[in-house]
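In: how would this look folded up:
(one chain, ligands or ions: 2)
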Amino acid sequence: VTLAQNGPVTLWARDAAHVAEMQSSRRNDRRLPMTVLPENVSVTAEIEAATQAPVLLLAMPMQQMGGFLTAHAARLAGKTLVACSKGIDLTTGRGPTELIAAACPDARAAILTGPSFAADIARGLPTALTLACAEDCEALQTQLSTPTLRLYRSTDPLGAELGGALKNVIAIAAGVVIGAGLGDSARAALMTRGFAEMSRLALRLGARAETLAGLSGFGDLVLTCTSAQSRNFRFGQALGAGEDFDPTTTVEGVATAKAVSVLAQRRGVEMPIATMVAALSEHRITVSDAAQALLSRPLKEE
Ligand SMILES: NC(=O)C1=CN([C@@H]2O[C@H](COP(=O)(O)OP(=O)(O)OC[C@H]3O[C@@H](n4cnc5c(N)ncnc54)[C@H](OP(=O)(O)O)[C@@H]3O)[C@@H](O)[C@H]2O)C=CC1
Ligand SMILES: O=C(CO)COP(=O)(O)O
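Out: Ligands and ions are numbered 1, 2, ... in the order given. Predicted coordinates:
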């Protein structure tokens, strides 16, 4: 919706019935209710039509991306593929740009990530994001920025994608704290120690500290841990309150917590909060046992 201010946009979706509905109503009531699609957004179910452009934005749940890339690898060769997903693929332990590089080595991989709710961007509210690509991406930065969507460029896609993936895990923990009535002070402690463990893993994997401190890391951590608009936060809140949560809602932090626990263990990086979130999401531990386990860790220097 926001990119349509820069020129024509083609929106592809996999479900032909949903596409027909969007073409006639000019809205995506299933996914982004109340938003009218601008006239120069054409909606199609034909992947051929959607892959004519040189720049393609991939916006799907992380655990679906590997299958999509493999299925359409031939069509995606030579394109600039901008991942908008946040997470770590459970099967391979890879982030979005690493998945793209593995499935489509001839494509240019970039990631667009940072504090932003789709509904806010569509309403034209001011938003700032990180656009990261291993190569120079100044032209792409200009192409994808709009009067209300301000992109900062980075040459550290690994750091950007790890920040975006890991903040969802900490947001679940923040939601648990609030849902269980453990208080705002506990949430602030979890966010800070969460940021410490996000940075510890990311730096070990080769990311840059300044990327973690930027929009894609710290920025998105703050948004997701403090807003009830976040699905990861709300999922955690339900978990903390012992309530059910709609299983069809995309909650990226659940699979990512599992993937992170494996990755951290393999690399010998301590990630106590992510490990607790993985255990809580799988109901292997109670909220009070998780809180107790975190509080009783040996005292250390900050
Ligand atoms: N929503 C937000 O505010 C933000 C989301 N993101 C990230 O974007 C990613 C997607 O999230 P979001 O759009 O909110 O999730 P939703 O669950 O709302 O929508 C998922 C979309 O992906 C489509 N999809 C699912 N599986 C496939 C597949 N195998 N092939 C093609 N399309 C598929 C769905 O199609 P269908 O309708 O047919 O099911 C749907 O259009 C996540 O990684 C999320 O973290 C990042 C920033 C903000
Ligand atoms: O990534 C997001 C905000 O930057 C969206 O968060 P949720 O997926 O938790 O809704």
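
In: Please look at residue 10 and residue 50 and confirm they touch.
Out: Yes - contact criterion C-beta atoms under 8 Å: residue 10 and residue 50 qualify, at 5.2 Å. (C-beta placed from N, C-alpha, C; glycine too.)

In: Give the residue spans of the stretch 1-150 of the chain that score low on pLDDT.
Out: Residues of the stretch 1-150 of the chain meeting the criterion pLDDT under 70: none.

In: Would you mind naming what in this structure lies close to ligand 2?
Out: 86, 115-117, 168, 171, 220, 223-224, 230-232, 252 (C-beta under 6 Å from any ligand atom).

In: Recalculate using a threshold of 5 Å.
Out: Contacts of the chain with ligand 2, taken as C-beta under 5 Å from any ligand atom, map to 115-116, 220, 230-232.

In: got TSV for these, with distance to ligand 1 too?
Out: Converted to TSV, these look like this (distance: C-beta to the nearest ligand atom, whole Å):
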residue	distance to ligand 1
115	9
116	5
220	8
230	8
231	8
232	8
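
In: Select from those every entry located in strands.
Out: In this view, the residues of the chain next to ligand 2 have no member that belongs to strands under DSSP state E.

In: wait, which of those residues is closest to residue 67?
Out: Residue 67 lies nearest to residue 231 out of the residues of the chain next to ligand 2, by C-beta to C-beta, at 21.5 Å.

In: Identify the residues contacting residue 65.
Out: Residue 65 makes contacts with 58, 83, 85, 89, 96, 99, as judged by C-beta atoms under 8 Å, 6 or more residues apart in numbering.

In: Distance of it relative to residue 255?
Out: 12 Å (C-beta to C-beta, to the nearest Å).

In: Equivalent analysis for residue 45, please.
Out: 27 Å.

In: Please identify which of those two sits among more neighbours.
Out: Neighbours per residue (other C-beta atoms under 10 Å) separate residue 45 from residue 255, with residue 255 holding more: 22 against 17.

In: Now do the SS call for that one.
Out: Secondary structure assignment for residue 255 (DSSP: H, G, I helix; E, B strand; the rest coil): helix.

In: Which residue, neighbours along the chain excluded, lies closest to it?
Out: Take residue 255 and drop its neighbours on the chain: the residue closest to it by C-beta to C-beta, 6 or more residues apart in numbering is residue 90, 5.1 Å away.

In: quick one, what contacts that neighbour?
Out: For residue 90, the contact set (C-beta under 8 Å, 6+ apart) comprises 63, 255, 258-259.

In: ok, now how distant is it from ligand 2?
Out: Distance of residue 90 to ligand 2, given as C-beta to the nearest ligand atom, to the nearest Å: 17 Å.

In: Which phi and psi values does that residue adopt?
Out: Main-chain dihedrals, residue 90, degrees, to the nearest 10: phi -70, psi -40.

In: Likewise for the one 3 residues further on?
Out: Note on residue 93: backbone dihedrals following degrees, to the nearest 10 are phi 80, psi 10.

In: any idea how far residue 99 is from it?
Out: Applying C-beta to C-beta to residue 93 and residue 99 gives a distance of 10 Å.

In: Around ligand 1, which positions in the stretch 101-250 of the chain sit nearby?
Out: 117-118, 250.

In: again, 6 Å this time
Out: Counting by C-beta under 6 Å from any ligand atom, the stretch 101-250 of the chain sits next to ligand 1 at 116-118, 250.

In: Give the burial count for residue 44, as a bare number.
Out: 16.

In: Can you spell out which residues form a bridge with it?
Out: residue 12 (DSSP bridges).

In: Quick one: residues contacting it.
Out: 10-12, 19, 50.

In: Sort out which one of those residues lies nearest ligand 2 for me.
Out: Ligand 2 lies nearest to residue 11 out of those, by C-beta to the nearest ligand atom, at 19.2 Å.

In: Wait, that closest one touches residue 37, no?
Out: Yes - shown here, residue 11 and residue 37 form a contact pair, counting by C-beta under 8 Å, at 7.4 Å.

In: what residues do those two have in common as contacts?
Out: Counting by C-beta under 8 Å, 6+ apart, the shared contacts of residue 11 and residue 37 are 22, 43.
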